[in-house]
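Sequence plus the predicted model coming up.
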Amino acid sequence: MAGAFAQLPHLPKMLKTEAIYNTLVDGCEKGMFVLQLRRPDRSLRTWWKVQPDLNALKEPAAEVILSEKAELSDLSEDLLRPGVLPELWTSDQIQVSDTLTYFGGGKTVQIERNGYKEPTIIPKASKETVYGAIREAVRRGLIWMLSASQYDYWQLRSAERLEILLCFLKPHFLCFAHAGFQNTT
């Protein structure tokens, strides 16, 4: 990406490519855009609201994609914690369907930046990507799930069967889970 500044005459000339990389990392971490890398096998790796791999940024195939045009292939489980993403946790509990809708594409949220609110579009993510982030969040203990009938801690076994999930913030929260969970106690 930094090479484009040297190759294209209408772009400003940069003496230090590190400044370009730092700007890309900062914009990605703030969720202003999605960084995408198409691998030789045609698969994609994406970064959004996380620090991207600096080596990936230096790849010629690395691209900056506007959030409204991007589809996330990777979603950090840390983003699913309450209070991290604006308007995801609208109450003390959410359902998986709320999370799927949030990452369904076209969702606009208001982000506080330098004393004013700025509309930001949440990038789209597939069900499998969202389920993978939920599974990893459960594995790491960022969210807990309880059986509605037994109130035991449950581990996600089959994300595809996950249909209902209500969660609170801390390990002392109650969560309801539908079929597809395995008791780990």
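That came through, no problem.

And the nearest residue in space to Leu88 that is not next to it in sequence, its phi and psi?
Leaving aside its sequence neighbours, Leu88 sits nearest to Tyr102 (Cβ to Cβ, 6 or more residues apart in numbering; 5.3 Å). Quick note: C-beta positions are derived from backbone N, CA and C, even for glycine. Phi and psi for Tyr102, reported as degrees, to the nearest 10, are phi -60, psi -40.

next one: Thr108
phi -110, psi 130.

I'd assumed Pro123 was in contact with it.
No. At 11.6 Å, Thr108 does not count as touching Pro123 under the criterion of Cβ atoms under 8 Å.

Out of the two, name the residue with the larger neighbour count.
Set Thr108 next to Pro123 and count neighbours by other Cβ atoms under 10 Å: Pro123 wins out with 24 against 11.

Surely the more buried one and Asp74 touch.
No. Pro123 is not in contact with Asp74 according to Cβ under 8 Å; the separation is 10.9 Å.

Next secondary structure after the helix or strand harbouring Leu24?
For Leu24, the host element (DSSP states H and E) is helix 17-29. Sequence order places strand 34-38 as the next helix or strand after helix 17-29, per DSSP H and E.

helices or strands up against that next one?
helix 17-29, strand 44-47, helix 54-57, strand 62-65 (3 or more Cβ pairs under 8 Å, 6 or more residues apart in numbering; DSSP states H and E).

Present those as TSV; the columns should include mean pLDDT.
Shown next, in TSV, are the helices and strands packed on strand 34-38 (pLDDT from 0 to 100):
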stretch	mean pLDDT
helix 17-29	88
strand 44-47	95
helix 54-57	86
strand 62-65	93
